[in-house]
Structure formats: structure tokens, C-alpha cells
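Asks: next come a sequence and a model predicted from it.
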Amino acid sequence: MTDQRAVVELLDLCRTKGLRVATAESCTGGMVGAWLTEVAGSSDVFDRGFITYSNAAKQDMLGVSQALLVSHGAVSEPVAHQMAKGALAASAAQIAVSITGIAGPGGSEHKPEGRVCFGLATRSGCTTETVEFGAIGRDRVRRAAAAHAVSLLLTAARQADAR
């Protein structure tokens, strides 16, 4: 379950500042977009969401380079960076968040279950980060990642200047 208050606050703040949001989701499969659209009237803030679960979708929809996917893997900050920048470029949004991770079960020695990489793009740049949620189960990793993405969007909206 989402923190509905954070979603409502994000939508209200973006509405006040004239900001639009886009999402690029892999391991969360559109969960952030679903949470945003659970709120009536969200269409004036939520521009679009890209569900790019496969590497081909990341390339086709967001312009993530095949070379980057091969060299770093889909679950990496460089890929999260390109996903967020691609979502921003392919939308009317001023803020875009990306999520790519290993929800589980499984993982590897180098990329464990619960590792999620995030990108946050605005017109002034893009930042990335990795969060280790741990092997808490697929559903809990996905929900924690979606909640973190909402938090990143809210922080960016708070820092953004009104149009």
C-alpha cells in the first residue's frame, strides 16, 4: 500500500507549481503510475509512464544504449540515468523518475535481491542512487521502490521553481 498522503502532496505541489511528471519503471511494472492515477484529477500532473521491463523496451522507448546495457547491466545507475533522461525527453514533464532493480526472488553475488537503482531527471540535470532494500520479498521490494520513487519526485518538486 502506498503512502497516499505523499502522493496527494506531490500532485498538489506539482499542480501549484505547474509541473508535470513522467515515470520510467522496470521492476515496479507501473506501480508509481498506478499510485499517481488513483487520485482523481491527477491527469493535469502525471504526463505519462513508461513500463520498460525488458532491455528492448528500455532501448526502444527510452533510448538506453545497448552498449550500456551490456557493459553495466539493466540494474545499474548508468541505465537508471539514461532511463530518467529518456523519459524526460520523450514527455512534456519537467520531472522524471526511473526505477530498475532486482525485486526477487534471486539475484547474484554482484547484484543481490533488493538492489534498486533510481534516476531523477529535471531540465537542469540528472542524479542517480542505489538503494539496497534487502531480500524482503518481491512484493515488499517493489512497494518500497515505488514509495522511494514518490519520495524522490516530491523532493524534486519541492526544489523546483514554479514555471
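Replies: Received, thanks.

Asks: tell me the first helix or strand C-terminal of the helix or strand harbouring residue 129.
Replies: Using DSSP states H and E, the element containing residue 129 is strand 125-132. Moving toward the C-terminus from strand 125-132, the next helix or strand (DSSP H and E) is helix 138-159.

Asks: hmm, back to that, residues in contact with the strand holding residue 129: which ones?
Replies: With CB atoms under 8 Å, 6 or more residues apart in numbering as the test, strand 125-132 has contacts from 77-78, 80-81, 84-85, 88, 112, 114-120, 144-145, 148. From N, CA and C alone the C-beta is placed, and that goes for glycine too.

Asks: give the partner strands of it in its sheet and their orientations.
Replies: Strand 125-132 has the following sheet partners, assigned by DSSP bridges: strand 115-122 (antiparallel).

Asks: can you give me the mean pLDDT across the strand it pairs with?
Replies: For strand 115-122, the mean pLDDT works out to 98.

Asks: ok, back up a step: got the buried residues for the strand holding residue 129?
Replies: Residues of strand 125-132 classed as buried: 126, 128, 131 (neighbour count, 16 or more other CB atoms under 10 Å).
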